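Asks: my questions are about this predicted structure, shown below with the sequence.
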Amino acid sequence: MPLRSSQEIRRSVEATREELAYSVNDLRSKVVELSDWRHQLVSSKKSALIGAAVAGFVVGGGVAATFGLFRKKG
């Protein structure tokens, strides 16, 4: 394995720093984009509405079933 000069090591470290800075900025922008729930909701409005309707139906059915059980016992 050939030895590298101090200048080569410094250049390599500087190049790595630049790549790391780019990667961190790229990751930061992706995290901001993915964690923006408003944007996610707008981009998949139809799916969100269907999911909300199903969840409401399930919760409403559960509440109705629970009250139905209490009425039969009482």
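Replies: Structure's in. What do you need?
Asks: now stretch 56-68: mean pLDDT?
Replies: Averaged over stretch 56-68, pLDDT sits at 83.
Asks: quick one: it to chain centroid distance?
Replies: 30 Å (C-alpha atoms, centre = their mean, to the nearest Å).
Asks: and for it, what's in contact with it?
Replies: For stretch 56-68, there are no surrounding residues in contact (C-beta atoms under 8 Å, 6 or more residues apart in numbering). C-beta coordinates here come from the backbone N, C-alpha and C atoms, glycine included.
Asks: residue 23: which element?
Replies: According to DSSP states H and E, residue 23 maps onto helix 6-35.
Asks: residues contacting the helix or strand following that helix, please?
Replies: Moving toward the C-terminus from helix 6-35, the next helix or strand (DSSP H and E) is helix 37-43. By C-beta under 8 Å, 6+ apart, the surrounding residues in contact with helix 37-43 are 33-34, 48.
Asks: recalculate using a threshold of 6 Å.
Replies: The contact list for helix 37-43 (C-beta atoms under 6 Å, 6 or more residues apart in numbering) reads residue 48.
Asks: CA atoms only for that helix - export them in CSV, please.
Replies: Taking C-alpha atoms only, helix 37-43 is exported to CSV below (Å, rounded to 0.1, in the frame of the first residue of the first chain):
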residue,chain,number,x,y,z
TRP,A,37,-47.8,16.5,6.8
ARG,A,38,-49.7,19.3,5.1
HIS,A,39,-48.0,18.7,1.8
GLN,A,40,-48.5,14.9,2.2
LEU,A,41,-52.2,15.5,2.8
VAL,A,42,-52.6,17.7,-0.2
SER,A,43,-50.7,15.4,-2.5
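Asks: right, I'll leave it there.
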